[in-house]
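**Q** Have a look at this prediction, sequence included:
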Amino acid sequence: MLAALLLVLLYGALPAHAELAETDWLDLLPPEDLQALEQMPDIEHWGAETEGRFGEVDGLRQQPGLPEVMYSTRTVAALDGRQIRLGGYPVPLQHDAAGRVVELFLVPYPGACIHVPPPPPNQIVLVHYAPGLAIEDIYQPLWVEGRLRIESSSNALADAAYSLQASQLRLVEEDDL
């Protein structure tokens, strides 16, 4: 009883169903990257898709010649190990035998890795979710909850500066809006 009282005093009483506060994508950017992105000129969204390179190895990676911040892997150290809730859009990477997505890149806007340039690596999160989720539309936003890690990953589509082992992955529903 004393231990339970101590926990309530230290951490406060939260309902068992309480959701984590939403983490904003801009929170994943160190201040110097946020400032550089805010001052960056518009970028044209053409390249791999229109040039027929979509399916090629490295076809969606950042192309040379963009402002340096578009290649940034700088992260926010205070977020390492933090439980977060992040909304975004899926770029499916691996499926299980039932066709559910078990690994994906989460990106801040729809079509982010299809219409180049993709976001900077510090705006891409590699998500692992062993139970898998049926995703039929990559333009349907998701909620992802789990422990965020500063961990670089790279594959044929893009580079990510963060990873997340998801404890929950679900489609955003109309009631969420």
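**A** That came through, no problem.
**Q** where does this structure have low pLDDT?
**A** 1-18, 43-64, 113-116 (pLDDT under 70).
**Q** hmm, 90 instead?
**A** Applying pLDDT under 90 to the chain flags residues 1-20, 37, 39-67, 110-118, 155-158, 174-177.
**Q** Which stretches in the chain count as strands?
**A** Ranges of strands within the chain are 22-23, 83-95, 101-107, 125-133, 142-154, 159-171, based on DSSP state E.
**Q** Pull up the pairing partners for the first one, direction included.
**A** Strand 22-23 has the following sheet partners, assigned by DSSP bridges: strand 83-95 (parallel).
**Q** in the strand it pairs with, what's buried?
**A** Neighbour-count burial for strand 83-95, counted by 16 or more other Cβ atoms under 10 Å, picks out 84, 86, 87, 88, 89, 90, 91, 93. To be clear about C-beta, it is placed using only N, CA and C from the backbone, and glycine gets the same treatment.
**Q** Kindly report the same for stretch 126-137.
**A** For stretch 126-137, by 16+ other Cβ under 10 Å, it's 126, 127, 129, 132, 133, 135.
**Q** Redo those as JSON lines? Include distance to residue 117.
**A** Formatted as JSON lines, the buried residues of stretch 126-137 follow (distance: Cβ to Cβ, whole Å):
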{"residue": "126", "distance to residue 117": "18"}
{"residue": "127", "distance to residue 117": "21"}
{"residue": "129", "distance to residue 117": "26"}
{"residue": "132", "distance to residue 117": "29"}
{"residue": "133", "distance to residue 117": "27"}
{"residue": "135", "distance to residue 117": "23"}
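**Q** ok, these vs residue 159, which is closest?
**A** residue 126 (9.5 Å; Cβ to Cβ).
**Q** Might you report the residue contacts of that closest one?
**A** Contacts for residue 126 (Cβ atoms under 8 Å, 6 or more residues apart in numbering) come out as 93, 103, 104, 105, 106, 151, 153, 160, 162, 163, 164.
**Q** Drop anything exposed from the residues you listed.
**A** Counted by 16+ other Cβ under 10 Å, the contacts of residue 126 give 93, 103, 104, 105, 106, 153, 160, 162, 163, 164 as buried.
**Q** Format those as TSV; extra columns: distance to residue 142.
**A** What follows is those, written out as TSV (distance: Cβ to Cβ, whole Å):
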residue	distance to residue 142
93	14
103	13
104	8
105	11
106	7
153	18
160	16
162	15
163	16
164	12
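**Q** and which of these is nearest residue 26?
**A** Using Cβ to Cβ, the buried ones among the contacts of residue 126 come closest to residue 26 at residue 162, 13.6 Å.
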